[in-house]
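Colleague: Generate coordinates for the sequence data below:
(one chain, ligands or ions: 1)
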Amino acid sequence: MEIIHVSAECYPVAKAGGLGDVVGALPKYQNDLGHTAKVVMPMYRTKFLYDNEWEVTHKGSAHLGMWWFEYTIIKEKTNKLGFDLYLLDINGLLDREKVYGYDDDTERFTAFQVSVVDWLSSWKHKPDVVHVHDHHTALIPFMMKYCYQYQYLLEGIPTVLTIHNAQYHGAMGWDKSHYIPHWDGWRWGLLDWQDTINPLACGIKCASKVTTVSWSYLEELRYMSNGLEALFEYEKGKCTGILNGIDTKVWDPETDSYIEDHYTIEDAEKGKAANKKILCDTFRLDPSKPLVVFIGRLVGEKAADLLPAAIGDSLHHINGRMTFLILGSGEPSVEYQLQRMTNGLSGYYNAQIGYNEKLSHTMYAGADFLLMPSRVEPCGLNQMYAMRYGTVPIVRSTGGLRDTVIDYGDPQGYGVSFYNASVGDITHAVYRAVELYDDQPRMASIRKHIMELDFSWNKSTQQYISVYESIS
Ligand code: ADP
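Modeller: Residues are numbered from 1 along each chain as shown. You can find the predicted model right below:
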């Protein structure tokens, strides 16, 4: 099958979150299965652009409302990422350093989508599937079907929309409806949601199939999706949850170049103890106690605001029987509190504010537990990385965390899970983790079990192919 992924992000070209990781990995794995997956994304001015060689493959022109513009498509020459990568340039709109955050993001991503559809309509053959990701590309299924200029060439091509984060819809006023190339006015209802043009809602209505990055997240969207609840309920028949995978070649404790002491399932106890010692020496923590870590953005979605009180209460109520180490950056007030606490809790707690790739790998390797109290977690990668490194996840049972972690109190369980994003629930979960740690034979067998779990892309890739097959 020939699959065209259209995305605002793709690692390592440009990444702002999980979307970039998925679009940087999934096409590679699809190609490994014998398919031809390609990626087209905006040509931001990132380092990757300047470090690699490119050839121009197409030049075209299109309209954004009254504005006529030219666009250029270049292709990376060496197949460096394991798939054909195309960058689309529009002078004055996409030639920026950052992916998002500009006042004219609506114009940037609408013009990008118009250009992609225009480019596809110039192909001599047609791809088997056009796979779009999140709201930045979610108008494409509508444009392929209902824009007069393109529909007779493209309307028969199946489309898939994957939702990585449903909090953002890309909504724009109806005064911008002329940005979309001349379209069938009878179809205005497909663009509309609550009196605005809502690209995400439109993608859900118009794509042949919709996927989310975990089953539980899909369930949750029917109750909590920033206003699209009724739509998810109505369209549930065409929606599927497919978990993201992790790149097990990059995330492997046997070969990880970021960690000092490598290990496998066989010598995990020894290897993890050596990495834990490095952490404890560096951050002045007691290595004989279980080490609980948090790695991530210090934002409300991750419930980072609860960490200061939860850490304080855990140390107080559980008599300092564990240590904590935090790595992250985000909201200044949370950063400040977490930093300030290091003064009073020396020996029990420490924090590094900032982004540090090497330290994060050492923490996955050296910690006993990884805490993720997230309020929202569409899929979550950290818990999967942790398990690959033999670190037991303590998670709030939501979204992808619910789909990947079974509480150790349940049959075949191997993690610690709790229900509410509250200080009390987190503290109780930490207490249960300490109890588990004290039962060393059980802890060792759980560690072995989680390291054996398969979170690679292999399974998910096949599930995406099955989705394509169901519509082609
Ligand atoms: P999201 O995908 O929701 O944005 P996060 O930003 O919390 O999730 O983390 C995703 C990835 O970023 C993981 O690989 C995690 O290890 C890494 N990461 C997050 N924060 C940091 C940090 N401060 N230092 C190093 N790595 C980090």
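
Colleague: of all the residues in the stretch 1-150 of the chain, which ones are close to the ligand?
Modeller: Selection of the stretch 1-150 of the chain residues close to the ligand by C-beta under 6 Å from any ligand atom yields 17-18. Glycine gets a C-beta too; all of them are placed from N, C-alpha and C.

Colleague: now do 8 Å
Modeller: Counting by C-beta under 8 Å from any ligand atom, the stretch 1-150 of the chain comes close to the ligand at 16-18, 21.

Colleague: Return the subset of the residues you listed lying in strands.
Modeller: Judged by DSSP state E, strands contain none of these.

Colleague: can I get those in CSV with neighbour count and pLDDT?
Modeller: Output for these, formatted as CSV (neighbours: other C-beta atoms under 10 Å; pLDDT from 0 to 100):
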residue, neighbour count, pLDDT
16, 13, 86
17, 16, 79
18, 20, 82
21, 21, 87
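
Colleague: List of residues touching stretch 101-109?
Modeller: Residues outside stretch 101-109 that contact it (C-beta atoms under 8 Å, 6 or more residues apart in numbering) are 8, 42, 64, 90, 93-94, 96, 136-137, 170, 172, 176, 179.

Colleague: What distance separates the opening and closing residues of it?
Modeller: Distance across stretch 101-109, first residue to last, is 12 Å (C-alpha to C-alpha, to the nearest Å).

Colleague: Relative to the whole chain's centre, how far out is that stretch?
Modeller: 21 Å (C-alpha atoms, centre = their mean, to the nearest Å).

Colleague: And for stretch 215-225?
Modeller: Computed by C-alpha atoms, centre = their mean, the chain-centroid distance of stretch 215-225 equals 16 Å.

Colleague: residues contacting the closest residue to the ligand within the stretch 51-200 of the chain?
Modeller: Using C-beta to the nearest ligand atom, the closest approach of the stretch 51-200 of the chain to the ligand is made by residue 165 at 8.1 Å. Applying C-beta under 8 Å, 6+ apart to residue 165 gives the contacts 17-19, 134, 378.

Colleague: Smallest distance to the ligand belongs to which residue of this protein?
Modeller: For the chain and the ligand, the shortest gap (C-beta to the nearest ligand atom) falls at residue 296, measuring 3.0 Å.

Colleague: Mind checking which of the contacts of residue 165 land in helices?
Modeller: Applying DSSP state H to the contacts of residue 165, the entries found in helices are 18-19.

Colleague: give me the number of residues near the spatially closest residue to residue 39 that is not a sequence neighbour?
Modeller: Excluding its sequence neighbours, the residue lying closest to residue 39 (C-beta to C-beta, 6 or more residues apart in numbering) is residue 5, at 4.6 Å. Using other C-beta atoms under 10 Å, residue 5 has 25 neighbouring residues.

Colleague: The one 10 residues further on now?
Modeller: For residue 15, the count of nearby residues is 16 (other C-beta under 10 Å).

Colleague: hang on, it packs against residue 7?
Modeller: No - applying C-beta atoms under 8 Å, one finds residue 15 not in contact with residue 7, separated by 10.5 Å.

Colleague: and stretch 193-213, what's its mean pLDDT?
Modeller: If you average the pLDDT over stretch 193-213, you get 98.

Colleague: by contact count, what packs against the least confident helix or strand in the chain by mean pLDDT?
Modeller: When the helices and strands of the chain are scored by mean pLDDT, DSSP states H and E, helix 18-32 comes last with a mean of 93. The elements that helix 18-32 packs onto, with contact taken as 3 or more C-beta pairs under 8 Å, 6 or more residues apart in numbering; DSSP states H and E, are strand 2-6, strand 36-42, strand 129-133, helix 457-471.

Colleague: buried ones in the last one?
Modeller: It stands for helix 457-471. Neighbour-count burial for helix 457-471 flags 457, 460-461, 464-465, 467-468 (criterion: 16 or more other C-beta atoms under 10 Å).

Colleague: Now do the buried residues in the helix or strand harbouring residue 116.
Modeller: Using DSSP states H and E, residue 116 falls within helix 105-121. Buried residues in helix 105-121, counted by 16+ other C-beta under 10 Å: 105-121.

Colleague: And for stretch 119-138?
Modeller: Those would be 119-121, 127-138, for stretch 119-138 by 16+ other C-beta under 10 Å.

Colleague: Start and end of that stretch, how far apart?
Modeller: Per C-alpha to C-alpha, stretch 119-138 runs 17 Å from first to last residue.

Colleague: go on, stretch 205-216?
Modeller: Distance between the two ends of stretch 205-216: 21 Å, counting by C-alpha to C-alpha.

Colleague: now that stretch: how far from the chain's centre is it?
Modeller: In this view, stretch 205-216 has its centroid 15 Å away from the chain centroid, taken as C-alpha atoms, centre = their mean.

Colleague: same deal with stretch 359-377?
Modeller: Here stretch 359-377 is found 16 Å from its chain centre; the criterion is C-alpha atoms, centre = their mean.

Colleague: re the thing from before, now the residue nearest to residue 39: how far from residue 432?
Modeller: Distance of residue 5 to residue 432, given as C-beta to C-beta, to the nearest Å: 41 Å.

Colleague: what about the strands in the stretch 101-250 of the chain?
Modeller: All strands of the stretch 101-250 of the chain, identified by DSSP state E, counting those that start in this stretch, fall at 129-133, 159-163, 192-193, 196-197, 209-212, 239-241.

Colleague: list the contacts for the residue nearest to residue 39?
Modeller: By C-beta under 8 Å, 6+ apart, the residues touching residue 5 are 23, 26-27, 37-40, 131-133.

Colleague: what distance separates stretch 319-330 from the centre of its chain?
Modeller: With C-alpha atoms, centre = their mean, you get 24 Å for stretch 319-330.

Colleague: touching the ligand at all, it?
Modeller: Yes - judged by C-beta under 8 Å from any ligand atom, stretch 319-330 comes into contact with the ligand at 327-329.

Colleague: Strands - which of those land there?
Modeller: Checking these against DSSP E, those in strands are 327-329.

Colleague: how about those in TSV, adding pLDDT and neighbour count?
Modeller: As requested, those are arranged in TSV below (pLDDT from 0 to 100; neighbours: other C-beta atoms under 10 Å):
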residue	pLDDT	neighbour count
327	97	20
328	95	24
329	94	17
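
Colleague: contacts for stretch 82-95?
Modeller: The contact list for stretch 82-95 (C-beta under 8 Å, 6+ apart) reads 10, 13, 27-28, 30-32, 36-45, 49, 54, 57, 69-76, 104, 107-108, 111-112, 115-116, 119.

Colleague: Can I get the buried part of the residues you listed as one ChimeraX selection?
Modeller: The ChimeraX selection below is limited to those of the contacts of stretch 82-95 classed as buried (16+ other C-beta under 10 Å):
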select :10,13,27,28,30,31,37,38,39,40,41,42,43,44,49,54,69,71,72,73,74,75,76,107,108,111,112,115,116,119
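
Colleague: Got a quick PyMOL command for the buried subset of the contacts of stretch 101-109?
Modeller: Applying 16+ other C-beta under 10 Å to the contacts of stretch 101-109, the buried members can be selected in PyMOL as follows:
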select buried, resi 8+42+64+90+93+94+96+136+137+170+172+179
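
Colleague: just the contacts of stretch 101-109 now: which is nearest residue 233?
Modeller: residue 170 (21.2 Å; C-beta to C-beta).
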